[in-house]
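Engineer: build the 3D model from these lines:
(2 chains)
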Amino acid sequence: MNLLRSATLLRHLALTLLAGFALYLLSLELDPFRNFQLATVAAYLCATAGLTVLTGLSGQLSLGHGALMAVGAYTVALCQNTLAEHDVTGNGVLPLSLLAGVLVTMAAGFVIGLAAARLRGPYLAGVTLAVAVAVPAATVTFDELFNSEQGLGVYVEPPPLSLGPYFPNERWQAWIALLGALLTMLLLANLVRGRFGRTLRAVRDDEVAARLSGIDVARAQVQAFVVSAAGAGLGGGLLAVLAQSVSPGAFSLTLSLFLLMAVVIGGLGSLSGAVWGALLLVALPDLAHQVSSGLVASSPAAAQRLEGNLPLLVFGLTLIVVMIAMPGGVQGLLHRVTGWARRRLPSR
Amino acid sequence: MNRLMRRTLAIATAAALLTAAAACSDDGQTPPAGVEVPGVTATEIVVGTHMPLTGPASAGYSEIAPASKAYFDYVNANGGVNGRKITYKIMDDGYNPANTQTVVRQLVLQDKVFAILNGLGTPTHSGVLDFLKTNRVPDLFVASGSRNWNQPDKYPGTFGFNTDYTVEGKILATHVKANFAGKKTCFFGQDDDFGRDSLVGVEAVLGAGAVVAKEKYVVTNQNVAPQIGALKAAGCEVVVLATVPGFTALSVGTAARLGFRPQWVVSNVGSDYQTLSKLLGEGKVLLEGVVGASNLPAPLDLNDPWTAMFKKIHDKYNGSAPFNGNTVYGMSVAYTFVQALQNAGKDLTREGLLAAVEKNGFTGPGYAPFRYSKTDHSGYGGYRLTKIEAGTQVFFGPVYTTDDTPTSPVTEYPTPRPTPPAVTLP
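Structural biologist: Numbers count the residues shown, from 1 in each chain, chains lettered A, B, ... in the order given. Here you go, the predicted structure:
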C-alpha cells in the first residue's frame, strides 16, 4: 500500500485500471443511446483535459481548441478513407489513424504555441481566436481535399464479428472513446504531477520568478500547447469516428467557446474538473431539450422558440452562477464540501 | 488496515458484484427482443425528424415540420390511419451534422420511432445513413435533392423526396436550349453536391463546352461580388443558379449593383418568390422575368385545389405560422407519408412500409410523379417551370420528367394531377 502511495505512476495506473473496469461494466448496463452519450463525453474529455492543462496550469488562454479538434478529426477522416480506398481495413487501422490525428494536431499546436509564447492576455486570445475562425475556413478554400462545408464521410469498421452479430455498435464506440480518454487522463495525470507540471505552475504564477529559477518560460509554454493539442487532436478524431463524418460546422467557434466554458465550470486546472466539464457538454443540451419539450404541452410557440437556444442560455447562466458562487468550479465546490465534511466528522 | 487499503477493498467488492450482475445481461449473441414493431401500437405510430429549427439554415426551413405536424393533426382528428394516431417528434439539429448524429440516435434508440421522415439537409442527413441502415429504420422522403438517397443496394431503407438536382439541371437546361439558343450560358452554384449535381445535369443537355463560365460559393461567405464580377467579365447572357434563397437574392442584388442584367434561371430550392421578395425588399423588381422550377402547387394560387385544401388545414391547425412554399412542402410530405401508411395496410411493419413505397402508385399535389421503384429510391421525377411576372410567380409550359442518367431524354408528362380528397374538419 505504501508503494501505491509513493509511486505516482503505479497509483495512477491502478486508478485507471479500476476506472476502466467500472466504465466497462457501466457500458454493459447502459442502453445504446446512453452508451453513445458516454462515448461523446469521453471524446470531449480528451479535449477538455488538454485544455485545462493549458489554461489552468500554464495560464495560457486558448479560444482555438475547437479548431485543433477539427485538425485531428480531418486527419483521422482522411487517413481512414485513404486506407479504406486502398483496401487496408480491419480493426488495427483505427488506432493508427487516431495516432496520425494526434501527431498532426501536435504539429499544429507547436506552430500556434510558438506564436502564443510571445503573446499575453488579449493578444493571445486574439491569435487563438483567429485559429478558430481560420481552420474551418481552410476546408472551404481547399475544397478538393476537404469537400467544403459538406465535409467528409469517415469510413469506420463495424464491431468485430467475434463479439457477436447483434453486438450494439454504440457500446463498441463507447469502448473506443473510453480507451482514448483513459489513456489521455493517465498520461496527463502523470505529466502534471511531475516536473513538467511544476514548471507550468511556476510559469503561470510568476514568469519572472520562474525565469530566475532557471526555467525556459517560452519553451515550457510551447510544450504546454503541444501537450494540450494532442488531447484536442485525439478528442476531435474520436468525435469524427463517433459521427462517421466531419464537417466544419461541427467545429465552429461556438465549440471552442463551449470547451473553455466547460473547463471553467468544471474547475480550471484540475483533471477531475475536466471530467465534470465534459459531462456538462453532453448533459446540458439534453437537459435543455427535455425542458423545452416539456413546455410543448403548455405553449408550443414558446417551446419552438426555446428549442436549440435554451442550451446556450443554460450554459451562460451556469457560468455566471459558478463564477459568483464557486470560483473553483464544480471540482472546487466538491473539494470544499469534502473538506468541510471531514472536519465535521470525527476522524476514524 | 490503513484507509487506502480499506477503500480499495470496498471498491473491489462493489466491482465484483457489478460483474456478476453484468454477466446476466445479454452479450450480443442473442438478437434483441422485438416481436412487436418499434414505434407502433394499436393506437399510435411514432415518427421522428431532424430539422434546422435554429441557426443559419433555419430561415424558412423551420416552418416545414410544423406544417407536416399540422397535417398529421388533421388526419388524427379524423381517426388516424387504420385507427392509429400519428405522433411526430421534431428534433432541432441546427443544421450541424454533429447534432444530427445525437438527435437521430435519440429518436431511434430512446424514443423508439417507427421511421425517420423528411430529415432535412445533405450534409446533415448523409452522416446518419449508415446508422439508420444498421438499425433497419425506414428513412423516408429525405428533404434534399442529393443523389445520395438513391442507392437502393447500399441503403435499402432510404428514399428521397425532392426532384434530384441533376434532373433539375437537365430540365432547366432544356428550357435554356429551347429559348436562349446561341446566348452565352453560365453557371453559379453552391460548392457541394447541390451545385455539382446540378451542373452535371446542365452540361448533360447543353454539352460540356457550352457553359462558358462556372463559379461557386459557400454559405458562410456572404460576399459573392468576385464570382458575379467574373460572370459579368465572361459576358454571360444566361446564368443558371443552383443557389439557396439567400444566395439567389445576393446574386441578383450584387449583379444589379455591378450593372449586370443576365437572364436568371434558378433552381427550385432558391426560386420561391415569397422568400426572395422578402429578402430583397425594395429590390424585388429585379426578380421580374426570373425563371424557376417547381413541382408543388403555388401557395399564393388559392384557385389550385391542392393549395386550397392545404390552406384550410393550415388555418385550423397551424394558424399562427405563415402559409408559404415551405408549408405546402411540409404538407405534401405528410400527405404522401399518410398514403404510404395506408398502402402498407393494417398490419404495419417496417418491411411493409418500405414495400409500399417501392410499389409507388402515389398521387397527390405534385405535377410530376414519384420515381420510386425497387431499383429507384429518388423522389419526384420532374418539374414544371415558373416565371415571375408582375409580382407573382406563375407556372408555364408542360410538366417535364427525366432521370439522372445524362443520356436519357427530357420528356413531357401529360397526365394531370388528381383532384384532392374533400377536407372534413371535425
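Engineer: check which helices and strands the longest strand along chain B sits against.
Structural biologist: The single longest strand within chain B, with elements called by DSSP state E, is strand B:392-401. Applying 3 or more Cβ pairs under 8 Å, 6 or more residues apart in numbering or on different chains; DSSP states H and E, we find strand B:392-401 packed against helix B:165-179, strand B:382-389, strand B:411-413. The C-beta positions use only the backbone N, C-alpha and C, and glycine is treated the same way.
Engineer: pick the most deeply packed of those.
Structural biologist: Stretch with highest mean neighbour count among the helices and strands packed on strand B:392-401: helix B:165-179 (a mean of 24; mean count of other Cβ atoms under 10 Å in any protein chain shown).
Engineer: so out of everything in the stretch 51-200 of chain B, what residue is nearest chain A?
Structural biologist: B:Thr54 (3.2 Å; Cβ to the nearest Cβ).
Engineer: doesn't that residue fall inside a strand?
Structural biologist: No: counting by DSSP: H, G, I helix; E, B strand; the rest coil, B:Thr54 is not found in a strand; it is coil.
Engineer: just the pLDDT for it.
Structural biologist: Note for B:Thr54: predicted pLDDT of 79.
Engineer: for B:Thr134, which non-adjacent residue is closest in space?
Structural biologist: Closest residue to B:Thr134 apart from its sequence neighbours, by Cβ to Cβ, 6 or more residues apart in numbering or on different chains: A:Asn169 at 6.1 Å.
Engineer: touching, that neighbour and A:Glu157? I think so.
Structural biologist: No: with contacts counted by Cβ atoms under 8 Å, A:Asn169 stays clear of A:Glu157, the gap being 10.5 Å.
Engineer: next up, the contacts around the residue nearest to B:Thr134.
Structural biologist: Neighbour list for A:Asn169: A:Pro32, A:Pro158, A:Pro159, B:Phe131, B:Thr134 [criterion: Cβ atoms under 8 Å, 6 or more residues apart in numbering or on different chains].
Engineer: let's see if you can find the most crowded of the residues you listed.
Structural biologist: In terms of neighbour count, B:Phe131 stands highest of the contacts of A:Asn169 at 22 neighbours, by other Cβ atoms under 10 Å in any protein chain shown.
Engineer: residues contacting that one?
Structural biologist: Here B:Phe131 is in contact with A:Asn169, A:Gln244, B:Gln101, B:Val104, B:Arg105, B:Val108 (criterion: Cβ under 8 Å, 6+ apart).
Engineer: now do B:Glu288
Structural biologist: Contacts for B:Glu288 (Cβ under 8 Å, 6+ apart) come out as B:Ile388, B:Glu389, B:Ala390.
Engineer: closest to chain A among these?
Structural biologist: Checking those against chain A with Cβ to the nearest Cβ, the nearest one is B:Ile388 at 28.8 Å.
Engineer: the closest one pairs with what?
Structural biologist: In this entry, B:Ile388 is beta-bridged to B:Gln393, by DSSP bridges.
Engineer: any idea how far it is from B:Phe247?
Structural biologist: Between B:Ile388 and B:Phe247 the computed distance is 17 Å (Cβ to Cβ, to the nearest Å).
Engineer: now do B:Thr254
Structural biologist: To B:Phe247, B:Thr254 is 10 Å away according to Cβ to Cβ.
Engineer: what's the overlap in contacts for the two?
Structural biologist: Common neighbours of B:Thr254 and B:Phe247 (criterion: Cβ under 8 Å, 6+ apart): B:Val224.
Engineer: the two - which one has more neighbours?
Structural biologist: With neighbours defined as other Cβ under 10 Å, B:Thr254 and B:Phe247 compare such that B:Phe247 has more, 25 against 19.
Engineer: now for that one: which residues touch it?
Structural biologist: B:Gln190, B:Tyr217, B:Val219, B:Val224, B:Leu241, B:Gly270.
Engineer: C-alpha coordinates for the helix or strand hosting it, CSV please?
Structural biologist: Using DSSP states H and E, B:Phe247 sits in helix B:245-257. Extracted C-alpha coordinates of helix B:245-257, given in CSV (Å, rounded to 0.1, in the frame of the first residue of the first chain):
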residue,chain,number,x,y,z
PRO,B,245,-32.8,31.6,-51.4
GLY,B,246,-30.3,33.8,-49.5
PHE,B,247,-27.8,33.5,-52.3
THR,B,248,-30.3,33.8,-55.1
ALA,B,249,-31.1,37.2,-53.6
LEU,B,250,-27.4,38.1,-53.1
SER,B,251,-26.6,37.1,-56.7
VAL,B,252,-29.4,39.1,-58.2
GLY,B,253,-28.7,42.1,-56.0
THR,B,254,-25.0,42.1,-56.5
ALA,B,255,-25.4,41.8,-60.2
ALA,B,256,-27.7,44.8,-60.3
ARG,B,257,-25.1,46.8,-58.4
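Engineer: so which bits of that helix are buried?
Structural biologist: For helix B:245-257, a neighbour-count test (16 or more other Cβ atoms under 10 Å in any protein chain shown) marks B:Pro245, B:Gly246, B:Phe247, B:Thr248, B:Ala249, B:Leu250, B:Ser251, B:Val252, B:Gly253, B:Thr254, B:Ala255 as buried.
Engineer: just name the closest of these to chain A, please.
Structural biologist: Nearest to chain A among the buried residues of helix B:245-257, with distances taken as Cβ to the nearest Cβ, is B:Phe247, at 12.7 Å.
Engineer: so which of the contacts of B:Phe131 is the most crowded?
Structural biologist: The most crowded member of the contacts of B:Phe131, judged by other Cβ under 10 Å, is B:Val104 (27 neighbours).
Engineer: and the closest residue in space to A:Val222 that isn't next to it in sequence, which helix or strand is it part of?
Structural biologist: Closest residue to A:Val222 apart from its sequence neighbours, by Cβ to Cβ, 6+ apart: A:Gly113 at 4.0 Å. Using DSSP H and E, the element containing A:Gly113 is helix A:93-116.
Engineer: any residues touching that helix, and which ones?
Structural biologist: A:60, A:62, A:64, A:68, A:71-73, A:75-76, A:79-80, A:83, A:124, A:127-128, A:131, A:156-157, A:176, A:180, A:221-226, A:228-230, A:232-234, A:236-238, A:241.
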